[in-house]
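*Asks:* Sequence and predicted structure, then a few things I'm wondering about:
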Amino acid sequence: MIFTSLTFVLFLVVVFSTYWMLRRQSWRNLLIAVASYLFYGWWDWRFCLLMLATSLMDFGLGLALGAARRQSTRRSLLLLSVLGNLGTLAFFKYFNFFAENFQALAGKFGWEPHWTTLNIILPVGVSFYTFQALSYTITIYRRQMPPTGRLIDYLAYVSFFPQLVAGPIERASHLLPQFLEQRRFDPAAAKDGLRQMLWGAFKKMVIADNLAIFLDPIYNDPSGAGGPLLALATVCFAFQIYCDFSGYSDIAIGCAKLFDFRLMRNFAYPYFSQSVAEFWRRWHISLATWFRDYLYIPLGGNRVSKPRQAFNVMLTFTISGLWHGAAWNFIIWGAINGLATLPLILWPARHRADPTATPGGERNLPSPATLLRMLGTFLVICLAWVFFRARTFDDATTILTRIATDLFSREGWVTVGAMLDDESIHIRTLVHVGILVVVEWCMRRHHHPLDFPDLARLWRWAIYTIIIWDILYHGTGGVRPFIYFQF
Amino acid sequence: MRRFIVEFLLFALLQVALLAGLFGLFSDLRRVSPFMPALEIKQKRLETSQPPRLILIGGSNLFFGIDSPMIEAQTDFAAVNMGLLRGLRLEYILNQIDAQLRAGDLVVISLEYSTLNGDSMGEEGQLIVSATTRRLANVRLLTWPQWRAMLDHDAAEYLGMVFRQSIQRISESRRQEGPGIEGEVNEFGDLTMYHGAAATAPADNDNDQRTLVRVRPEGVKASTRRMNTFIASCRERNVDVMFAWPPISRSHYDERAAFAIEFDRLLRSHLEAPVIGTPADMVFDDDDFIGRSYHLRGAGVQKRTQRLIDAVKMAIQGKSQSGLPSEK
């Protein structure tokens, strides 16, 4: 079920109404679990079986971890959970990638093993809920919380539909207790949730989906495009993936607020970052902090020698790349981000930007130096996005080579001008990107740009109406899946 | 909670009122699907006519290319031409008549080649939403996958399309009406716009790009399976079913005869109802068409109807299952 479909709107109305009619907390949790499995099974009911199986495994292991006294037993149980979850992920997501690469490598040494690749359907969102389930057993292992003995609550925690397929990846210690607490309807939070959902839908349907129409043909066949067009397509992709993914997160967080759940913030205006390290504290925060807490810090984090620290950073970013997809392009994307982050990790600046600090500083207009730092960071991020979006490594190198050698060709810019002239929708989309940047800059002190509860109702309703009509008019009309569903 | 719901409902009502006002004043559904007004005429005819009836089902090849009064004049059947748009897809086309069939009826299925293949034209969902919104009772014709597709994407696409057209019409200095067919559809459901007259043919007809471009055996078999289920259900109700090929121009057929022959072979081996005539029997002169395939005009309509009547009569008499006279 896709957030921007009519199906989801009807589903949400039914679940919301039923949820608040139920008085007992346990019934509400049961409703969330059932609704979440329905939501997930809308893609393919077989996916539900996999999620149920891994959830039952982690629930059982959690109870066993809670009861175990000996450290060696606890370690074995945790290892079982890690192997079970990552094994599931490896099988569904990485089997073919490793099989193909192993065969290619063996072939270089004259050995030709005849492994067959499997025709495996990747269950939607498997990387997200697997990490969320892992967070549960690791948290219990670390004695940061006791295991829950309530199966329904646990199933509802793993499958919670607003964030099931593309996050934010919640920590057990943050989300699970919310299923155990008494929840009360908070009109202010619910209204804020609806506003955040509206902003997310705008980003996804008006900007991301229209940018996809522009850049998909270019990136799917970059051989015929000139440097300027490829550069523009790359910048467009930066905004497409931002609007697509942060749009999803906004809808997820807003939707959770309707049920009195508080999900963690996932994006904090990342393109206003002044360094790549800051970018990674503002982009996909739930994944970045997951890797920080469960991989980077256990590896030694900042408490080890500089070379070891550099190794830890590179390993974390590379694995983060691999998490996104079973392809070398993602690994390279992760490595580029790691390399770009290294200088600031190894030689920290005097002041490290906090994700809660105002991005781009407190001034209404950024200083030239701040602006240059933001643009420089954006360019490095765009460079990495080329590998993320290109279909193959060869395509990525073609795109980068052409941008580097052909960016200032007059002919290339004429082609861009002609293309934009022919398709007014592309110009309108670029205007929307401009509006997005301005609005987000002006509202960057807030969690989302529609956070204006004190504005007079007339103005609020006028703004909502403009956005709804803009979605109806400029939206592509189709309901395109979110990019991160494939991960 | 109550205040939140009241406020939310007020806002939703305001939006509905604004959109209803916009659509009421400025929308032109003919631009979305100009043929849809004919659907109501056809369905009304189907619901009110009495058996024995000759009910024609298929796509626009029937809408353009049948002269129903000729059928009534030469046979004992009351004619009902349900052919409208192949984009409605086989499932919907069959469901449309299923509940209305009576003992003694004869159903002639004349599907376009792409429908037999199960090829998507990319506009099916929009047409089904359009047909449903045109007549709300049509929701009962939807299968579960169609419901799902409608809720998942088609309804939103349709709403967006109508909205955009309405907004665009506000800005038009002189409002253009969409291509309408009011007054051009007779009581039997035939499009009479091109009957009798040598109407000017558009230089390029999109149908040509989609006719006989390939054969998908698995698609044809799936379509045949669906038709066989329908045929079995008809037999239980004492309703006869036959299949007739759609018309195609001589030049088009000459280019792609191999595909047509393969379609014919596949259908004859799998369909559990008589196939009356061969694709070659439905070849007409290029001048009889708007474009080169499916949409007949002028004398072509009468020629095709006559061949169909003759073939049906022969099939009923059991003399032959492929005895149509051919121009080839």
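*Replies:* Cool, the structure landed.
*Asks:* Tell me the residues of chain B that contact chain A?
*Replies:* Taking CB under 8 Å from any CB of the partner chain as the contact definition, chain B meets chain A at B:1, B:3-4, B:8, B:11, B:14-15, B:18, B:148, B:151-153, B:155-157, B:159-161, B:163-164, B:167. In this view, the C-beta of every residue, glycine as well, is placed from N, C-alpha and C.
*Asks:* again, only using 6 Å
*Replies:* Within chain B, the positions adjacent to chain A are B:1, B:4, B:151-153, B:155-157, B:160, B:163-164, B:167 by CB under 6 Å from any CB of the partner chain.
*Asks:* List the ones among those residues that fall in helices.
*Replies:* B:4, B:155-157, B:160, B:163-164, B:167 (DSSP state H).
*Asks:* which of these sit farthest apart?
*Replies:* B:4 and B:164 (32.0 Å; CB to CB).
*Asks:* still on that earlier bit, among the ones in helices among the residues of chain B next to chain A, which one is most surrounded by other residues?
*Replies:* Taking other CB atoms under 10 Å in any protein chain shown as the neighbour criterion, residue B:156 ranks highest of those with 25 neighbours.
*Asks:* Does that one touch residue A:8 like I think?
*Replies:* No. Using CB atoms under 6 Å, residue B:156 is not in contact with residue A:8; the gap is 10.5 Å.
*Asks:* Keeping just the C-alphas, turn stretch B:155-168 into CSV.
*Replies:* Coordinates of each C-alpha in stretch B:155-168 appear next as CSV, following Å, rounded to 0.1, in the frame of the first residue of the first chain:
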residue,chain,number,x,y,z
ALA,B,155,-9.0,7.0,-9.4
ALA,B,156,-6.2,9.4,-8.4
GLU,B,157,-5.0,9.6,-11.9
TYR,B,158,-8.5,10.3,-13.2
LEU,B,159,-9.2,12.9,-10.6
GLY,B,160,-5.9,14.7,-11.4
MET,B,161,-6.7,14.6,-15.1
VAL,B,162,-10.2,16.0,-14.7
PHE,B,163,-8.8,18.7,-12.3
ARG,B,164,-6.1,19.7,-14.8
GLN,B,165,-8.5,20.0,-17.6
SER,B,166,-10.9,22.0,-15.6
ILE,B,167,-8.2,24.5,-14.5
GLN,B,168,-6.9,24.7,-18.1
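*Asks:* mean confidence score for it?
*Replies:* Stretch B:155-168 carries an average pLDDT of 85.
*Asks:* any idea how far that stretch is from the chain center?
*Replies:* 23 Å (CA atoms, centre = their mean, to the nearest Å).
*Asks:* residues near residue A:40, how many?
*Replies:* Other residues near residue A:40 number 24, with proximity taken as other CB under 10 Å.
*Asks:* residues in contact with it?
*Replies:* Residues in contact with residue A:40, defined by CB atoms under 6 Å, 6 or more residues apart in numbering or on different chains, are A:47-48.
*Asks:* can we see that at 7 Å?
*Replies:* Shown in contact with residue A:40 (CB atoms under 7 Å, 6 or more residues apart in numbering or on different chains): A:47-48, A:51, A:159, A:164.
*Asks:* So it, which state does it fall into?
*Replies:* Under the three-state scheme (DSSP: H, G, I helix; E, B strand; the rest coil), residue A:40 adopts helix.
*Asks:* picking up where we left off before, going by distance to residue B:115, which of the contacts of residue A:40 wins?
*Replies:* Distance to residue B:115, by CB to CB, is smallest for residue A:47 among the contacts of residue A:40, at 32.4 Å.
*Asks:* Which residues are in contact with the residue of the stretch 1-150 of chain A at minimum distance from chain B?
*Replies:* Nearest residue of the stretch 1-150 of chain A to chain B: residue A:7, at 4.2 Å (CB to the nearest CB). Applying CB under 7 Å, 6+ apart, one finds that residue A:7 lies in contact with A:1, B:151-152.
*Asks:* let's go with 10 Å and repeat that
*Replies:* Residues near residue A:7 by CB atoms under 10 Å, 6 or more residues apart in numbering or on different chains: A:1, A:39, A:42, A:479, B:147-153, B:155-156.
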